[in-house]
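Asks: when you get a sec, could you give me coordinates for this:
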Amino acid sequence: NLVGFYLDLIDDLWNTDPGLNDNAKIIGFDLTLVPNLMESEKAALIYLAANHYEMETMAGTFEELSEQGYIDKEKLHWEDGILFMIEVTQDNQKEHPNERKFSFNAQKWRSGTGAYFFQDCTAEYRDGDWSYNVGSEMIS
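Replies: Sure thing, here's the model as predicted:
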């Protein structure tokens, strides 16, 4: 259940540096670099997050959300929102279907000076559940 895995990952980022979440009313999700979810699963993830956080949610890249007026691109700031971006960097499942492992980066972004990153992470499916290890964490 990768949708549940990604919801847990987002929740871990949400709970890390909770000050970034203050006064947020909208959560954006850039899942364009998550090839191991089908579009219907991405929509389900965003829907589940809306219910979990009781907030408005939407899909979009930084550029798309800037063009739509949500993010102030000049000031590098989303006044009333947070953008979660996930990027699968290597998917071993395609090359070795029995491994059920992939690498990824994830971040929670509020502004140019307000973000939290999980870098060089490894997810693995073992004993009926997905888990992950964070390679490094960064904050701005």
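Asks: which residues does the one helix or strand Arg110 maps to contact?
Replies: Per DSSP states H and E, Arg110 falls inside strand 101-111. Residues outside strand 101-111 that contact it (CB atoms under 8 Å, 6 or more residues apart in numbering) are 9-10, 13-14, 16-17, 20, 24, 34, 36, 62, 75-78, 81-93, 115-125, 132. C-beta here means a position set from N, CA and C on the backbone, and glycine is covered the same way.
Asks: restricted to strands, list the residues you listed.
Replies: 81-91, 115-125, 132 (DSSP state E).
Asks: just the buried ones out of the residues you listed, please.
Replies: Buried by 16 or more other CB atoms under 10 Å: 81-86, 88, 91, 115-118, 121-123, 125, 132, out of these.
Asks: number of nearby residues for Trp130?
Replies: 18 (other CB atoms under 10 Å).
Asks: distance check, it against Leu7.
Replies: Per CB to CB, to the nearest Å, Trp130 is found 11 Å from Leu7.
Asks: contacts only, for Leu7.
Replies: So Leu7 contacts Leu45, Leu48, Ala49, His52 (CB under 8 Å, 6+ apart).
Asks: I'd guessed Ile26 sits against Asp80; true?
Replies: Yes: the pair Ile26 / Asp80 is scored as a contact, 6.0 Å apart, by CB atoms under 8 Å.
Asks: okay, the two: which has more neighbours?
Replies: The residue with more neighbours, out of Ile26 and Asp80, is Ile26; 17 against 11, by other CB under 10 Å.
Asks: list the contacts of the spatially closest residue to that one that is not a sequence neighbour.
Replies: Leaving aside its chain neighbours, Ile26 sits nearest to Gly81 (3.8 Å; criterion: CB to CB, 6 or more residues apart in numbering). By CB under 8 Å, 6+ apart, Gly81 lies in contact with Ala24, Lys25, Ile26, Ile27, Gly28, Leu65, Tyr70, Ile71, Arg110.
Asks: can you count the residues close to the closest residue to the last one other than its chain neighbours?
Replies: For Arg110, ignoring the flanking residues on the chain, the nearest one in space by CB to CB, 6+ apart is Leu20 at 4.7 Å. Using other CB under 10 Å, Leu20 has 18 other residues around it.
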